[in-house]
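[1] Mind looking at a prediction? Sequence and model below.
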Amino acid sequence: MLPLLAAASVLMSACAQPNAAQSKAEQPTYSSADVATVEYRAEAAGLTLAPGWTWPGEPIPSTYQGSEIRYEKGYGKQAADQYWFCSWAVRAVESRPGTKERAEAVRQFQTLPSKYYFEVLNDHSKPYVLKELRMAREGNLDLVQRDIEQNCQERK
C-alpha cells in the first residue's frame with residue numbers, strides 16, 4: 001500500500017543506521033529479525049487476511065548477502081499491516097466489478113488508516129493513500145493496482 005516514495009522510506013528505516021548527529025534519545029531503536037518477527041506475529045493475530053491467503057512462515061529476513069539485518073522498532077508491525085492490505089487489494093483487483101467479493105475487499109482495506117502502517121507513513125504519502133482509498137470506494141482501482149505492482153511482491 002505504500003507509494004514508491006513511502007516504500008523507499010520503509011526500506012530505509014528498516015536498514016538504516018542511526019545518525020551520529022542525533023542525540024541518543026532521538027535515535028531509532030534497532031533490533032533483530034527475531035524481535036521484528038514477534039511484532040509481526042502479534043499484529044497479524046488481530047488481522048484477517050483475504051480468502052486464499054496465509055501468513056508467511058518466515059515473514060522477516062534475518063540476513064542479506066550474509067550480513068545481519070537490523071530493523072527499526074515497529075517494522076514487523078508495519079510489515080504485517082502491509083501484507084494484510086496486499087491480501088485485500090489483490091482480492092479486490094482480481095474480483096469482477098459489482099460482485100460482493102470486490103465490495104467486501106474494498107470495505108476491508110478501507111480500514112487501513114486505523115492501522116499502525118498508516119500511522120507511521122511519512123506526511124507526503126498519507127494524502128496519496130487516502131486518495132487511493134477514496135478512488136477505490138468510487139470503483140476505480142487503478143491506484144490499488146499500481147500499489148500491488150510496487151509493493152505486494154509476496155502475493156499469496
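    Perfect, I can see it now. Keep in mind that this is a model prediction, so the values were computed, not measured. Numbers count the residues shown, from 1 in each chain.

[2] mind listing the helices for the chain?
    Listed in chain order, the helices found in the chain under DSSP state H are 4-15, 33-44, 75-94, 100-109, 116-119, 125-137, 142-151.

[3] now the fourth one against helix 142-151, angle please.
    Per axes from the mean of the first three to the mean of the last three CA atoms, to 10 degrees, the angle that helix 100-109 makes with helix 142-151 is 70 degrees.

[4] per-residue pLDDT, Thr29?
    Turning to Thr29, the model gives it a pLDDT of 86.

[5] Tyr75 is in contact with that one, correct?
    No. Thr29 is beyond contact range of Tyr75, at 10.6 Å (criterion: CB atoms under 8 Å). Where you see a C-beta, it was placed from the backbone N, CA and C, and this is true even at glycine.

[6] So which of the two has more stuff around it?
    A direct count of neighbours by other CB atoms under 10 Å for Thr29 and Tyr75 places Tyr75 higher, at 25 against 11.

[7] surely the more buried one meets Ala36?
    Yes. Counting by CB under 8 Å, Tyr75 does reach Ala36; the two are 5.1 Å apart.

[8] got any residues that touch both of these two?
    Counting by CB atoms under 8 Å, 6 or more residues apart in numbering, the residues touching both Tyr75 and Ala36 are Ile60.

[9] For the closest residue to Pro51 other than its chain neighbours, which residues are in contact?
    Nearest residue to Pro51 in three dimensions, chain neighbours excluded: Arg91, at 7.1 Å (CB to CB, 6 or more residues apart in numbering). By CB under 8 Å, 6+ apart, Arg91 lies in contact with 50-52, 101-102, 104-105, 108.

[10] Please identify which pair of these lies farthest apart.
    Across the contacts of Arg91, the longest distance by CB to CB is 14.5 Å; it joins Gly52 and Arg102.

[11] More neighbours: which of those two?
    Arg102 (19 against 10).
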